[in-house]
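Trainee: need coordinates for the below:
(one chain, ligands or ions: 1)
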Amino acid sequence: MKNIILTGFMATGKSSVGRRLAEVLNYKFLDTDKLIEEKTGKSIAQIFKEKGEACFRQLEGDVLEELGGAERVVIATGGGMITGKANYHRLQKLGPIICLQASPEVILERAGKKKDQRPLLKVPDPLEQIIALLGARDYAYARADFNIDTSFKDQEEVVRDILEYLNCL
Ligand code: S3P
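Mentor: Below you'll find the predicted structure:
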């Protein structure tokens, strides 16, 4: 297997699950948001504020392009990355795409801890925003090879589900 891609909405556990999955499989772990921050020397919040979302989406595409030769890497992607058609095709080439899901209420609760780092949720009614974005992105997350509802699962259970799925490939 080349790589494992984790997609899904903000605060569904991609980074924590990804890190653990990489540890179990003895793979490397990369987080595309972190790669963008390293590349630009700016936080995601700063990029959104200073350059806007369109610029951030461009950077996501660039980082993904640079990952073209990756092998044995668990890649946690930003929640909006898979929505672009070109990015989706790039991700498909890198490895199986696993989508972590959660209910809007669970997302809100989990996101609360890092709200300042998630510019798209810095709005007067974040729950409404989560519901709207989930609706708008349904089509994109549905393209994943495997979906897991993480609402009532802990990290180890999610990792176990992923390993079970990967063993079936
Ligand atoms: C975004 C998700 C964030 C980050 C950016 C935009 C999105 O990543 O890429 O704030 O559009 O859903 P996480 O999903 O890791 O929070």
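Trainee: quick one: end-to-end length of stretch 131-150, please.
Mentor: Start-to-end span of stretch 131-150 (CA to CA, to the nearest Å) is 17 Å.
Trainee: so it, near the ligand or not?
Mentor: No. Judged by CB under 6 Å from any ligand atom, stretch 131-150 and the ligand are separated, with a smallest distance of 6.8 Å. Quick note: C-beta positions are derived from backbone N, CA and C, even for glycine.
Trainee: for this structure, just list every one of the helices.
Mentor: Along the chain, the stretches classed as helices by DSSP state H are 14-25, 32-40, 44-51, 53-66, 85-94, 104-112, 126-141, 155-167.
Trainee: tell me the mean pLDDT over stretch 134-148?
Mentor: Across stretch 134-148, the average pLDDT comes to 97.
Trainee: residues in contact with the nearest residue to Lys28 once chain neighbours are set aside?
Mentor: Nearest residue to Lys28 in three dimensions, chain neighbours excluded: Val73, at 4.6 Å (CB to CB, 6 or more residues apart in numbering). Applying CB atoms under 8 Å, 6 or more residues apart in numbering, we find Val73 in contact with 3-4, 22, 27-30, 67.
Trainee: quick one: low-confidence parts of the protein?
Mentor: Applying pLDDT under 70 to the chain flags residues 1, 113-115, 168-169.
Trainee: quick one: name the residues of it near the ligand.
Mentor: Residues of the chain lying near the ligand (CB under 6 Å from any ligand atom): 10, 14, 33, 44, 78-80, 118-120.
Trainee: just the helices of the chain: most buried one?
Mentor: Ranked by mean neighbour count under mean count of other CB atoms under 10 Å, the helices of the chain are led by helix 14-25, which reaches a mean of 19.
Trainee: that one vs helix 155-167, what angle?
Mentor: In terms of direction (axes from the mean of the first three to the mean of the last three CA atoms, to 10 degrees), helix 14-25 departs from helix 155-167 by 60 degrees.
Trainee: residues touching helix 14-25, excluding its own?
Mentor: Contacts of helix 14-25 (CB under 8 Å, 6+ apart): 4, 6-8, 27-29, 31, 72-77, 79, 100, 150, 155-156, 158-159, 162-163.
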